[in-house]
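>>> Give me the fold of what follows.
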Amino acid sequence: KMTYAVDIVIVNWNAGDALVQCVTSIAENTANLVRRIIIVDNASSDGSIEALPQISGIELVIIRNPENRGFSVACNQGAIRSSSDYLLFLNPDTLLKTNSLAPAVAFISNSQHARIGVVGVRLLDERGRTQRSCARFPTAAALLGQAAGFDRLFPRFFPSHFLRDWDHEDTRPVDQVMGAFLLIRRSLFKEIGGFDERFFVYYEDVDLCLRVHQYGFQVVHLAYAFAVHHGCGTTARIPDTRLFLLWRSRLLYAAKHFSSLGFISAIFATLVAEPMVRVGYALARRQPVEALAVGRAYVRMILSLLPQLGVLFSFLRRYNHPPSGL
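Numbering: from 1, shown residues only. Below is the predicted model:
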């Protein structure tokens, strides 16, 4: 029987009662698999840390950051405090069930699966419906199609980022699993340098899975293990900031992994095509508040790039280097 195989890292930023429910679900449904839960709190002000329940049999480690240091930095902070064979990065808006973690650990620890580095499980919404949570690695052409909305109009020619054309009901290797439930070998996580801390939030899981592939390991979606994922989490309350952070991380990913021409295409998709489509769609649905949120995100994005617009290729060189190790 497997014992104490996993340390769980949860990054919290004002997750409220969702964090309490998440930790409770771990304590109730992981049956001696978890050694410790490491919660890295990014300067929450909602009392979510103070509301955490007392749990027995699992060490609870709290790391409090004086400011919001972002998801990637916080994940790496938590990983440093781990010592088990496997690390589970878990969003606070996710609930574990009895068949969430045990099948995933059994699968990745099977001697026949030595080249499987990351495992994700099937994520269900509150109604029990399967979420399309696995994704393709981005390309410049795909980003252009998605920014213009062509992935929804012409899915045969412009693939979506998430694998919407697959029901997620069979186990298979994939490019990327969502960071809401990402089980990884701790030794591999250290070897590839952990999360790239330049990603504040968004695309950090895509970048991590790409590097896992580059190191010769597979990423697998496990269909017979389940967890409940509410989605969006705390960023849903700040749509303009959420969109700004998404755009910024997308350009960072493109600068790191695309060619110069691909990066220029990503800039066009992010700063021209997508804002126009989003604003037009919002106005067509008579949602001026949504259109204003896009506008605010766009202004923040332009202001953040102004110092670098005149030195495009220096910008490319600056970001196109390996992430620092743990």
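>>> In this protein, where is pLDDT below threshold?
1-4, 232-237, 308-326 (pLDDT under 70).
>>> Helices of the stretch 151-300 of the chain, residue ranges please.
Taking DSSP state H, counting those that start in this stretch, the helices of the stretch 151-300 of the chain run over residues 186-191, 204-214, 239-257, 260-268, 274-284, 288-305.
>>> I'd like those as a markdown table, with distance to Asp85 and mean neighbour count appended.
In short, each C-beta sits where N, CA and C put it, glycine included. Shown next, in a markdown table, are those (distance: least, C-beta to C-beta, whole Å; neighbours: other C-beta atoms under 10 Å):
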| stretch | distance to Asp85 | mean neighbour count |
| --- | --- | --- |
| helix 186-191 | 6 | 17 |
| helix 204-214 | 16 | 22 |
| helix 239-257 | 29 | 21 |
| helix 260-268 | 37 | 17 |
| helix 274-284 | 41 | 16 |
| helix 288-305 | 40 | 16 |
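>>> Would you format these as JSON lines with distance to Met178 included?
Supplementary listing: the helices of the stretch 151-300 of the chain in JSON lines, determined by distance: least, C-beta to C-beta, whole Å:
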{"stretch": "helix 186-191", "distance to Met178": "17"}
{"stretch": "helix 204-214", "distance to Met178": "6"}
{"stretch": "helix 239-257", "distance to Met178": "14"}
{"stretch": "helix 260-268", "distance to Met178": "21"}
{"stretch": "helix 274-284", "distance to Met178": "21"}
{"stretch": "helix 288-305", "distance to Met178": "22"}
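>>> And the ones you listed: which comes nearest Arg122?
Nearest to Arg122, of all the helices of the stretch 151-300 of the chain, is helix 204-214, at 16.5 Å by C-beta to C-beta.
>>> List the buried residues of stretch 83-102.
Residues of stretch 83-102 classed as buried: 84-97, 100-102 (neighbour count, 16 or more other C-beta atoms under 10 Å).
>>> Next step: these restricted to helices.
Members of the buried residues of stretch 83-102 lying in helices (criterion: DSSP state H): Leu101, Ala102.
>>> I'd like to know which of the buried residues of stretch 83-102 are part of strands.
Secondary structure assignment (DSSP state E) places Tyr86, Leu87, Leu88, Phe89, Leu90, Thr94, Leu95, Leu96 from the buried residues of stretch 83-102 within strands.
>>> between the residues you listed, which is nearest Leu153?
Thr94 (31.8 Å).
>>> my guess is the closest one contacts Cys22, does it?
Yes - with the criterion set as C-beta atoms under 8 Å, Thr94 and Cys22 qualify as a contacting pair; they are 6.1 Å apart.
>>> Can you pull the residues that touch both of those two?
When C-beta atoms under 8 Å, 6 or more residues apart in numbering defines a contact, no residue borders Thr94 and Cys22 alike.
>>> Count the residues that sit near Leu144.
Residues contacting Leu144 under the criterion other C-beta atoms under 10 Å number 19.
>>> how about whichever helix or strand it is part of: buried residues?
For Leu144, the host element (DSSP states H and E) is helix 140-147. Judged by neighbour count (16+ other C-beta under 10 Å), helix 140-147 contains these buried residues: Ala140, Ala142, Leu143, Leu144, Gly145, Gln146, Ala147.
>>> elements contacting it?
In this structure, helix 140-147 packs against helix 239-257, helix 260-268, with contacts taken as 3 or more C-beta pairs under 8 Å, 6 or more residues apart in numbering; DSSP states H and E.
>>> and Ile39, which of the three is it?
For Ile39, the secondary-structure state derived from DSSP: H, G, I helix; E, B strand; the rest coil is strand.
>>> my read: it touches Ile63, true?
Yes - judged on C-beta under 8 Å, Ile39 makes contact with Ile63 at a distance of 7.1 Å.
>>> Overlap of the contact sets of the two?
If you check Ile39 and Ile63 against C-beta under 8 Å, 6+ apart, the residues they both contact are Gly78.
>>> If you count surrounding residues, which of the two has more?
In this comparison of Ile39 against Ile63, neighbours counted by other C-beta under 10 Å, the higher total goes to Ile39 at 24 against 17.
>>> hang on, the earlier thing: residues in contact with the helix holding Leu144?
For helix 140-147, the surrounding residues in contact (C-beta under 8 Å, 6+ apart) are 136, 151, 154, 157-161, 250, 254, 258-259, 261-263, 265-266, 268-270, 273-274, 277.
>>> quick revisit: which of the helices and strands packed on helix 140-147 sits closest to Arg296?
Nearest to Arg296 among the helices and strands packed on helix 140-147 is helix 239-257; the distance by C-beta to C-beta comes to 4.1 Å.
>>> neighbouring contacts of that closest one?
Residues from elsewhere that reach helix 239-257 (C-beta under 8 Å, 6+ apart): 138, 140, 143, 196, 198-204, 206-207, 210, 235-236, 262-263, 266-267, 270-271, 274, 278, 290, 293-294, 296-297, 300-301, 304, 315-316, 319-320.
>>> got it, and stretch 286-293?
Contacts for stretch 286-293 (C-beta under 8 Å, 6+ apart): Pro239, Asp240, Leu243, Arg278, Val279, Ala282, Leu283.
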